[in-house]
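> Pasted the sequence and its predicted model underneath.
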Amino acid sequence: MTTDSHCIFCKIVAGAIPSRKVYEDDDIFAFHDIHPWAPVHFLLIPKAHIASMAQIGPGHDALLGRMMALAPKLALQEGCRPYPEGGFRIVCNTGAEGGQEVQHLHLHVMGGPRPWLKG
Ligand code: AMP
Ligand code: ZN
């Protein structure tokens with residue numbers, strides 16, 4: 001698996017930096033955001049180092065599909081109320097103008113009662 005020894009999220013996957021884990025399987029890891037914008041706010045990432053959505057190719061279809069399909073299940077598990085009263089927001093910042101700060105692909109999954117800090 002591709003990893004980047006300087007990448008903070010690769011270090012989280014490896015356990016070298018602690019995180020509050022939400023989910024883990026062979027290919028995917030999820031953990032609570034350290035600066036939550038919403039009552040529920042976790043990040044869903046591939047274990048492999050992929051810098052952003054801009055690096056996604058045809059070989060990543062299954063991985064992205066699995067990540068998107070996991071998001072609603074984990075959102076409910078983490079306390080988001082069901083659709084339609086509840087729900088959640090999925091955000092994937094990409095590149096400098098997309099507001100991406102950590103260069104390891106991640107989906108923000110946010111939910112819970114409003115108001116939120118941001119978004
Ligand atoms: P982005 O701007 O989309 O790249 O978002 C990066 C997110 O990673 C921000 O919401 C940060 O709060 C979060 N973050 C950065 N470092 C950590 C960490 N060590 N553990 C959990 N979340 C982190
Ligand atoms: Zn990485």
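Perfect, I can see it now. Ligands and ions are numbered 1, 2, ... in the order given.

> switch to C-alpha atoms for all contacts and neighbour counts from now on
Will do.

> which helices and strands sit right next to the helix or strand harbouring L63?
Counting by DSSP states H and E, the element that carries L63 is helix 61-77. The contact analysis (3 or more Cα pairs under 8 Å, 6 or more residues apart in numbering; DSSP states H and E) places helix 61-77 against strand 40-46, strand 107-111.

> What lies in contact with it?
22-23, 27-28, 40, 44-46, 82, 88, 109-111 (Cα atoms under 8 Å, 6 or more residues apart in numbering).

> do stretch 43-54 as well
1-4, 10, 13, 26-33, 56, 63, 67, 71, 92, 94-95, 103-109.

> one more time with 6 Å, if that's ok
Stretch 43-54 is contacted by residues 1-3, 27-31, 94, 103-108 when judged by Cα atoms under 6 Å, 6 or more residues apart in numbering.

> What parts of the chain come near ligand 2?
Taking Cα under 5 Å from the ion as the contact definition, the chain meets ligand 2 at C7, F9, C10, H49, H104.

> picking that back up, with mean pLDDT and mean neighbour count added, can I get the helices and strands packed on helix 61-77 in a markdown table?
Converted to a markdown table, the helices and strands packed on helix 61-77 look like this (pLDDT from 0 to 100; neighbours: other Cα atoms under 10 Å):
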| stretch | mean pLDDT | mean neighbour count |
| --- | --- | --- |
| strand 40-46 | 98 | 24 |
| strand 107-111 | 98 | 23 |
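
> Please consider this matter closed, and thank you.
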